[in-house]
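# Sequence isn't available, so here's the structure alone:
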C-alpha cells in the first residue's frame with residue numbers, strides 16, 4: 001500500500017485523498033486513467049474503449065489499455081492481437097504491444113485458448129484486475145484506458161477502489177432500459193467520488209446513403225431528457241457503422257477517416273475535461 005504522494009497517478013486522481021490508499025507499482029508513471037463503463041453489456045463499450053485508445057495514440061500520446069472485463073475479454077481481438085501471449089520477468093508482467101505501440105493487458109493473453117470460459121468466483125476475478133494494475137509494467141503512459149466490466153458488482157467496485165481513475169466515460173444506446181441501467185452505473189461512480197466525464201451514445205442512428213438524413217434506430221427515452229435528469233454531458237453520438245461493428249476484422253490499426261471524423265472531437269473533449 002502507499003499514500004497519495006507516491007501514487008503514480010496522484011495529479012490526475014479524482015478520489016477522496018483522505019480515504020484513498022492505492023496499491024501501485026513504483027516503476028509505472030501513468031498520468032491519466034479513463035474508465036469506460038456502461039452498466040450493461042452489448043452496447044459497444046469495448047469497441048469504443050479501443051477507438052478512444054487508437055485516437056489518443058494518433059494524437060501522439062503514450063497509451064495503454066487494461067481489459068478489466070475478465071469474463072468477456074474482447075480487447076485483444078479488437079486490437080488485432082489474437083493469439084498473442086504476455087510474458088513476465090519474475091517480478092512484473094509485461095503488457096503486449098500493438099505494432100504502433102499501444103500497451104495492452106487482458107486475461108486472454110494468459111489463457112491457453114481464448115475461447116476457454118473463465119469459471120471464477122468474484123474475489124478471484126477482482127484479484128486478477130488488481131494485478132493488472134499493480135503487477136503489469138506499464139511504464140510511462142499519458143493515458144490508460146480501462147475497459148470496465150458490465151454491471152455495478154464486485155469487479156467494477158474493485159477497479160474504482162484500487163485504481164486511481166481520473167474520470168469515467170459512460171456508454172449508452174437510446175433505449176429506456178439501457179438508460180435506466182446506465183443511471184445506476186452513474187450513481188455508483190459518483191458515490192465512489194469519481195468524475196463522470198459524460199456519455200457517448202452508441203448506435204444512435206444510421207445515415208441514409210441517398211439523402212444523408214439521420215435515421216434514429218430506437219424510439220426510446222429522449223436523450224436530452226435523460227442527460228438533464230442525470231446532469232450529464234453528451235460527449236458525442238456514434239452511428240451504426242460497418243467500420244465500427246467489424247473493428248476486430250480490420251488488418252490495420254489506425255482509424256478509418258469516417259470514424260475519425262466522429263471520434264476525434266469526442267476524444268478532444270475528454271482530454272480537455274481531464275486537464276481542467
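Cool, the structure landed. Bear in mind that the values here come from a model prediction, so they are computed numbers and not experimental data. Numbers count the residues shown, from 1 in each chain.
# Residue 68 reaches residue 155, doesn't it?
Yes - under the criterion of C-beta atoms under 8 Å, residue 68 makes contact with residue 155 at 6.6 Å. To be clear about C-beta, it is placed using only N, CA and C from the backbone, and glycine gets the same treatment.
# between these two, who's got more neighbours?
Taking residue 68 and residue 155 together and counting by other C-beta atoms under 10 Å, residue 68 has the greater number of neighbours (30 against 22).
# which neighbours do residue 68 and residue 155 share?
Shared between the contact lists of residue 68 and residue 155 (criterion: C-beta atoms under 8 Å, 6 or more residues apart in numbering) are residues 129, 149.
# tell me what the host helix or strand of residue 224 is packed against?
Under DSSP states H and E, the secondary-structure element containing residue 224 is helix 223-230. Helix 223-230 makes packing contacts with helix 176-191 when contacts are defined by 3 or more C-beta pairs under 8 Å, 6 or more residues apart in numbering; DSSP states H and E.
# buried stuff in the helix it packs on?
178-179, 181-183, 185-186, 188-189 (16 or more other C-beta atoms under 10 Å).
# what's the answer for stretch 99-108, then?
Neighbour counts over stretch 99-108 (16+ other C-beta under 10 Å) mark 102-108 as buried.
# Count the residues that sit near residue 90.
Other residues within reach of residue 90, judged by other C-beta under 10 Å, total 4.
# Quick check: which element contains it?
Using DSSP H and E, residue 90 maps to neither a helix nor a strand.
# For it, which residues are in contact?
Going by C-beta under 8 Å, 6+ apart, the list of residues near residue 90 is empty.
# measure it to residue 110 for me?
Residue 90 sits 16 Å away from residue 110, going by C-beta to C-beta, to the nearest Å.
# And residue 77, by the same measure?
Using C-beta to C-beta, residue 77 is found at 15 Å from residue 110.
# which one of these two has more residues nearby?
Set side by side, residue 77 and residue 110 show more neighbours around residue 77, with 18 against 12, by other C-beta under 10 Å.
# For that one, what are phi and psi?
The phi/psi pair for residue 77 (degrees, to the nearest 10) reads phi -70, psi -40.
# measure it to residue 105 for me?
In this structure, residue 77 and residue 105 are separated by 15 Å, where distance is defined by C-beta to C-beta.
# Over to residue 75?
Computed as C-beta to C-beta, the residue 75 to residue 105 distance reads 9 Å.
# which residue ranges form the helices in the chain?
If DSSP state H is used as the criterion, the helices of the chain fall at 45-58, 75-78, 122-134, 154-162, 176-191, 223-230, 242-245, 257-275.
# hey, least reliable of those helices by pLDDT?
Averaged per stretch, pLDDT over these is lowest on helix 242-245, reaching a mean of 58.
# Number of residues surrounding residue 164?
Residue 164: 24 neighbours (other C-beta under 10 Å).
# Would you mind confirming that it makes contact with residue 32?
No - under the contact definition of C-beta under 8 Å, residue 164 does not touch residue 32, with a separation of 9.6 Å.
# for the helices of the chain, which one sits closest to residue 27?
Comparing the helices of the chain by their distance to residue 27 (C-beta to C-beta), the top pick is helix 122-134, with 10.7 Å.
# buried stuff in that closest one?
Residues 125-126, 128-130, 132-134 are the ones in helix 122-134 that count as buried (16+ other C-beta under 10 Å).
# ok, residue 154 to residue 127 distance?
If you measure residue 154 against residue 127 using C-beta to C-beta, the figure is 10 Å.
# Same check on residue 147?
With distances taken as C-beta to C-beta, residue 147 is found 18 Å from residue 127.
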